[in-house]
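Engineer: generate a structure from the sequence data that follows.
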Amino acid sequence: QVQLVESGGGLVQAGGSLRLSCAASGRTFSSYAMGWFRQAPGKEREFVAAISWGTGITYYTDSVKGRFTISRDNAKTTVYLRMNTLKPEDTAVYYCAARISPRASTVVDEYNYWGQGTQVTVSS
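Structural biologist: As a prediction, this is how the structure comes out:
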């Protein structure tokens, strides 16, 4: 089992920045790909960003490219999502997820472990 705990969400004005953190514990963090997803009210959970183990290859949904950056610190077993130039449409609950594979994926169902989520609200 892997436990994931997100933090860093909050209320921010449009154009502002936040950094989300996801601390992993339990089974080895090593060799797991990590991802960030979000879910707005009345919408399905959607992919935001992901990072592979080993290669560190990253993936982003088009709407956040150039504004968000995913990174991981394997020594601290933590993954981060730096969010800049936030927009009201970024408002959602953000979830961290771990995949039992070194290869990242953009597909929700391909992740095995999930955190409880952290709320991000961007005011206009």
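
Engineer: C-alpha from now on. contacts and neighbour counts both.
Structural biologist: OK.

Engineer: where does pLDDT dip in this structure?
Structural biologist: Filtered on pLDDT under 70, the chain yields the residue ranges 28.

Engineer: residue nearest the centroid of it?
Structural biologist: Nearest to the geometric centre of the chain sits Trp36, at 2.2 Å (C-alpha atoms, centre = their mean).

Engineer: quick check: bridge partners of Tyr59?
Structural biologist: Ala50 (DSSP bridges).

Engineer: list the contacts of it.
Structural biologist: Going by C-alpha atoms under 8 Å, 6 or more residues apart in numbering, Tyr59 touches Ala49, Ala50, Ile51, Ala104, Thr106.

Engineer: the closest residue to the first one other than its chain neighbours: how many residues sit nearby?
Structural biologist: Okay, so that is Ala49. In space, and not counting its chain neighbours, Ala49 is closest to Tyr60: 4.4 Å by C-alpha to C-alpha, 6 or more residues apart in numbering. The tally of other residues near Tyr60 (other C-alpha atoms under 10 Å) stands at 20.

Engineer: for Tyr60, give its distance to Gln3.
Structural biologist: 24 Å (C-alpha to C-alpha, to the nearest Å).

Engineer: need the nearest residue in space to Leu11, chain neighbours excluded.
Structural biologist: The shortest distance from Leu11 to any non-neighbouring residue, by C-alpha to C-alpha, 6+ apart, is to Thr121 (4.7 Å).

Engineer: oh, that last question was meant for Ser17, not what I typed.
Structural biologist: Asn84 (4.4 Å).
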